[in-house]
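Novice: No letters, just coordinates:
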DNA sequence: TTGTACGCGTTATCAC
DNA sequence: GTGATAACGCGTACAA
């Protein structure tokens, strides 16, 4: 008898007595059913190779013992885990603990006592904060939903992770999955350069340089062009400023097309975007206030994201300015919060679910053949102009 | 030299030549860095035990090779995967492919060609269907968000799965995680009885019988009571019907409290709920139509979920009836769609994010000590009455 | 501080 | 059809 079997036999005996909740293994099931471990494995992976009687005997024993095959062992033996991953950098953590951004520790999310026995009062749940449509669902959430939907349809588990831009963080995630989709960050993390060699990877953005990653992205230029054409052509607006940040490639593309579109209409763009960087104090707040104080506010603010646009609307309202009567404000992304704001937000909607689904199919190898001569997928989705109230329509 | 090392050396040579994208292992890194595999492992798990020079040399080699430690191997060695899981039964698949329910195959979700080269047109993305607030975010999505948030804060990966009510499906998920949270289903799957023995499990509902699972749930009775008190006391309504299904324990609790509350007010409840079963044709549709045709519509419909309520409002509108003028309609859950409907929906909101977070903390062993004499957590959250337009307010 | 050797639970390849 | 056994890659006790 092999050493493993010996060990297991011994442990099993112990388990029968004290039941220390050790997870049962093939050895335990094999012993219970009076077969070899190979038959146990076959009963789950190749049922047709076993006699009906044997298979039933094995499955019955497995049921009795509460046996669940270890995915870790299977992954090790097969060389693949079967799961697809979706990784976000600290981006998400910022949302996770709204209080962490502010200085006061009191605003941190509550952790009600769960063993208390009584009903946990509403006030301990922070539901007002967590359920704010401004915080959920966002761009990442809709992408994630599409990714998860497609994975479910393909019968594959999804692993969702988040971490910092470090080798360890990204490598840890990469070590758990067969394929990895990564959300864009402002500065595309350097850690990425070591992951892809061995694992298929999709980025939800254009990357700064040439690399082997698949791409799933939106036609930023087409979206901004449609938006500016609407503002200029349908509303006759000619003084348009851009609100955003240029750290991300999406932001750069959108700002670039803002410049190009205005020039195409013979208008003069503002050479620098109004900075919407979030770190520390919102720079958008001080810059917008400065423009208002100087009486230099443009007729329209074309914002790089819906979140910037909603923040701008708040700010303008607080200063007594009306949107769209005094200033037109538009967004980009098409998150749900833009349907709930006052006024409702004119924006460029990305087909986020479809993009998430595309990423999953690429990683699962279900995306069809690569185009001739291409080493990777580069799926570019058309966005759609969504006209609501904030542009004056 | 051990057999493993021999194999790896051989493979590495092959890799250097043809680069068949085999994932690098500790052996590869050790060889590159000129150290033993133990040092490689230490460099990642116990950095302090290594000389700075050695550690850096190892990490550099790992970077160069694109090494990511295999979670499968680590999980096998340690006996734990480190991940927490969230499992849904076919529930989700129904949402995944709206076309699958209908008979016509044309309504299935599109799968645009991704290697085509051009921009994928908007019409291929099904965005109108997928982004409908009626479909997302729902109860499960908000729970999931809370679960993921808490896991992220604890630095744990999340695994999201979906499957049928079979031993294999639930066991497969259970084999991948250290703890498992499970969404309620109408009939609590029998497969559950074999999982928990070895893995901590949380159910988001009351279960029918006595079992070892942890619970995270809402105070259904308190919620319905507050709602009915509002309808009777503030609006003077006395003919109230209940819309729902009794297959789930949540539904049963809510219906039970509907009966109790009406009796407490001295009113006569309808002994049977209006059946909102979805299978096949919506029975709610035919039953409501029958009530309308018979002139037997009650003054108010208290629905077991927001989704039922929204469907009822659609139906009543289609028949030319006004909500709330002709019939009052209320929901339960507090999903976002209830803020976007016409009229906006009066409902009982569950603190879904908080419930998802509670489940994650319980599974991670971060929920504090168990109450005296209890073998499991049973966290009951208070819901909150959200008064909007559909009740006549 | 670093290296060696073994075990983790499964799958797959062979004999029988 | 069933059983024995060798990988799979990592963590770690123990030896050096």
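Specialist: All right, it came through fine. Note that this is a predicted model, so its numbers are computed, not measured. Residues are numbered from 1 along each chain as shown, chains lettered A, B, ... in the order given.
Novice: tell me which element residue A:171 falls in.
Specialist: helix A:167-174 (DSSP states H and E).
Novice: which other residues reach the helix or strand following that helix?
Specialist: On the C-terminal side of helix A:167-174, the closest following helix or strand by DSSP H and E is strand A:179-182. Strand A:179-182 is contacted from outside by A:84-88, A:147, A:173-174, A:192, A:195, A:199-204, A:216, A:356, A:359-360, A:362-364, using C-beta atoms under 8 Å, 6 or more residues apart in numbering or on different chains. Backbone N, C-alpha and C define where each C-beta goes, glycine included.
Novice: All the helices of the stretch 251-393 of chain A, in order from the start?
Specialist: With helices called from DSSP state H, counting those that start in this stretch, the stretch 251-393 of chain A shows them at A:283-293, A:306-318, A:337-340, A:352-363.
Novice: Around residue A:162, how many other residues sit close by?
Specialist: Residue A:162: 27 surrounding residues under other C-beta atoms under 10 Å in any protein chain shown.
Novice: what does residue A:247 give?
Specialist: Neighbour count for residue A:247, taken as other C-beta under 10 Å: 13.
Novice: Confirm it sits in a helix?
Specialist: No - assigned with DSSP: H, G, I helix; E, B strand; the rest coil, residue A:247 falls outside any helix and is coil.
Novice: Pull up the gap between it and residue A:276, please.
Specialist: Separation of residue A:247 from residue A:276 (C-beta to C-beta, to the nearest Å): 10 Å.
Novice: Pick the most deeply packed of the helices of the stretch 251-393 of chain A.
Specialist: helix A:352-363 (a mean of 28; mean count of other C-beta atoms under 10 Å in any protein chain shown).
Novice: other SSEs contacting it?
Specialist: Secondary-structure packing of helix A:352-363 (3 or more C-beta pairs under 8 Å, 6 or more residues apart in numbering or on different chains; DSSP states H and E): helix A:139-153, strand A:179-182, strand A:201-203, strand A:214-218, strand A:378-381, helix B:127-130.
Novice: okay if I get the ones you listed as JSON lines plus mean neighbour count and distance to DNA strand D?
Specialist: Formatted as JSON lines, the helices and strands packed on helix A:352-363 follow (neighbours: other C-beta atoms under 10 Å in any protein chain shown; distance: least, C-beta to the nearest atom of the strand, whole Å):
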{"stretch": "helix A:139-153", "mean neighbour count": "25", "distance to DNA strand D": "24"}
{"stretch": "strand A:179-182", "mean neighbour count": "26", "distance to DNA strand D": "16"}
{"stretch": "strand A:201-203", "mean neighbour count": "26", "distance to DNA strand D": "18"}
{"stretch": "strand A:214-218", "mean neighbour count": "24", "distance to DNA strand D": "24"}
{"stretch": "strand A:378-381", "mean neighbour count": "21", "distance to DNA strand D": "30"}
{"stretch": "helix B:127-130", "mean neighbour count": "18", "distance to DNA strand D": "38"}
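Novice: Going by mean pLDDT, which of those comes out lowest?
Specialist: Mean pLDDT values for the helices and strands packed on helix A:352-363 show the minimum at helix B:127-130, a mean of 87.
Novice: And the contacts of it?
Specialist: Residues from elsewhere that reach helix B:127-130 (C-beta under 8 Å, 6+ apart): A:146, A:149, A:349, A:351, A:353-354, A:384, B:98, B:109, B:135-136.
Novice: Leaving out the residues flanking it, which one is nearest to the spatially most central residue of chain A?
Specialist: Centroid-nearest residue in chain A: residue A:140, 3.7 Å away (criterion: C-alpha atoms, centre = their mean). Leaving aside its chain neighbours, residue A:140 sits nearest to residue A:183 (5.7 Å; criterion: C-beta to C-beta, 6 or more residues apart in numbering or on different chains).
Novice: Can the helix or strand hosting residue A:57 be said to contact DNA strand C?
Specialist: Element membership for residue A:57 (DSSP H and E) is helix A:52-65. No - against DNA strand C, helix A:52-65 shows no contacts by C-beta under 7 Å from any atom of the strand, the least distance being 9.4 Å.
Novice: now the end-to-end length of stretch A:360-369.
Specialist: End-to-end distance for stretch A:360-369: 15 Å, by C-alpha to C-alpha, to the nearest Å.
Novice: Sort out which residues of stretch A:291-307 are buried, please.
Specialist: Neighbour-count burial for stretch A:291-307 flags A:291-292, A:297-307 (criterion: 16 or more other C-beta atoms under 10 Å in any protein chain shown).
Novice: Check stretch A:263-280 too.
Specialist: Those would be A:269, A:273-274, A:276, for stretch A:263-280 by 16+ other C-beta under 10 Å.
Novice: average pLDDT across it?
Specialist: Taken as a whole, stretch A:263-280 has an average pLDDT of 88.
Novice: mind showing which ranges of the stretch 201-350 of chain A have poor pLDDT?
Specialist: Along the stretch 201-350 of chain A, segments meeting pLDDT under 70 span A:208-210, A:278-281.
Novice: so which one among the contacts of helix B:127-130 has the lowest pLDDT?
Specialist: pLDDT is lowest at residue B:98 among these; the value there is 43.
Novice: Got the phi and psi for the closest residue to residue A:60 other than its chain neighbours?
Specialist: Among residues not flanking residue A:60 along the chain, residue A:33 sits closest, at 7.4 Å (C-beta to C-beta, 6+ apart). Residue A:33 has phi and psi values of phi -90, psi -10 when expressed as degrees, to the nearest 10.
Novice: Just confirm residue A:33 contacts residue A:50, I think it does.
Specialist: No - using C-beta atoms under 8 Å, residue A:33 is not in contact with residue A:50; the gap is 11.0 Å.
Novice: which residues do these two both contact?
Specialist: Residues touching both residue A:33 and residue A:50 (C-beta under 8 Å, 6+ apart) are A:39, A:58.
Novice: Get me the contact residues on chain A for DNA strand D.
Specialist: Taking C-beta under 7 Å from any atom of the strand as the contact definition, chain A meets DNA strand D at A:2, A:34-39, A:42, A:49-51, A:53-55, A:73, A:76-77, A:79, A:175.
Novice: So which of those residues belong to helices?
Specialist: In helices, judged by DSSP state H, the following of the residues of chain A next to DNA strand D are found: A:37-39, A:42, A:53-55, A:73, A:76-77.
Novice: As a markdown table, those with neighbour count and pLDDT would be great.
Specialist: What follows is those, written out as a markdown table (neighbours: other C-beta atoms under 10 Å in any protein chain shown; pLDDT from 0 to 100):
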| residue | neighbour count | pLDDT |
| --- | --- | --- |
| A:37 | 18 | 91 |
| A:38 | 13 | 90 |
| A:39 | 20 | 91 |
| A:42 | 18 | 91 |
| A:53 | 8 | 90 |
| A:54 | 17 | 90 |
| A:55 | 20 | 90 |
| A:73 | 16 | 94 |
| A:76 | 19 | 93 |
| A:77 | 12 | 92 |
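Novice: Just name the closest of these to residue B:60, please.
Specialist: residue A:76 (26.4 Å; C-beta to C-beta).
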